[in-house]
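>>> pasted the sequence and its predicted model underneath.
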Amino acid sequence: MNTYAVIESGGKQYKVEKGTSLLVDRLSAEEGEKVALRPVMFRDGEVLTAVKELEKVRVEATVAEHLRGKKVKVFKYKPKKGYRRRAGHRSELTRLEVTEVSLGGRKAAAPKKEEPAEAKKPAEPKQEAAAKKPPAKKPAAKELAAKKEPAKEAAKKPAAKAKKPAAKAKKAPAKAAKAKPAAKKDD
């Protein structure tokens, strides 16, 4: 059986063996750089798909070149309506040359050394204090309070204007009373 792996790049999966050349969506690596690819499956006699087992699998490739894909033409139209739109695009691609597909090549992450409990205690309150009281928030709170005060004053002014229409309303019934006798005369 041949040794191969299924890797994931740019949301797509590719079957690769040593010496395979493949086109993937553009990677940020420069030409000639080595790139580690994320395996999804590995086969060498038996199939490995568990996450812990795949941590030991090593798939490396070299960036051969950056290129653009074939032009894709997009044409939209609606019959009898005079609607026609023409567009297109070319995908940005990277050609990879797979140099290594092996089991046991990747080192596991080293466990973090635990520091004494005394050393952790002073560091945590400083971080918490910094997280709770960023200096940028205090001036913003003062500005908001300053903005709210004029808003309260503005709210009082319309209330004062509301009293004036009430005074006009008293005059309006007097005008209406004068109009009513005129209506009675027409009868």
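The structure has been received and is ready for your questions.
>>> could you measure from the nearest residue to residue 3 once chain neighbours are set aside over to residue 77?
Residue nearest to residue 3 in three dimensions, not counting chain neighbours: residue 44, with 4.4 Å by C-beta to C-beta, 6 or more residues apart in numbering. The C-beta positions use only the backbone N, C-alpha and C, and glycine is treated the same way. Shown here: residue 44 relative to residue 77, a distance of 52 Å by C-beta to C-beta, to the nearest Å.
>>> and those two? Which one has more around it.
The neighbour count for residue 44 versus residue 77, taken as other C-beta atoms under 10 Å, is higher for residue 44 (15 against 11).
>>> report the beta-bridge partners for that one.
Taking DSSP bridges, one obtains residue 46 as the residues bridged to residue 44.
>>> I'd guessed it sits against residue 53; true?
No - using C-beta atoms under 8 Å as the test, residue 44 is too far from residue 53 to be in contact (11.3 Å).
>>> give me the below-cutoff pLDDT ranges for the chain.
Applying pLDDT under 70 to the chain flags the ranges 1, 105-187.
>>> now the strands for it?
Counting by DSSP state E, one finds strands in the chain at the ranges 4-9, 12-16, 21-25, 34-36, 38-44, 46-48, 57-68, 72-78, 83-89, 92-103.
>>> return the most buried member of these.
Using mean count of other C-beta atoms under 10 Å, the stretch among the strands of the chain with the greatest mean number of neighbours is strand 4-9 (a mean of 20).
>>> could you give the angle of it to strand 57-68?
Relative orientation of strand 4-9 versus strand 57-68 (axes from the mean of the first three to the mean of the last three C-alpha atoms, to 10 degrees): 50 degrees.
>>> strand 4-9 - contacts with which helices or strands?
Under the contact definition 3 or more C-beta pairs under 8 Å, 6 or more residues apart in numbering; DSSP states H and E, strand 4-9 sits against strand 12-16, strand 38-44, strand 57-68.
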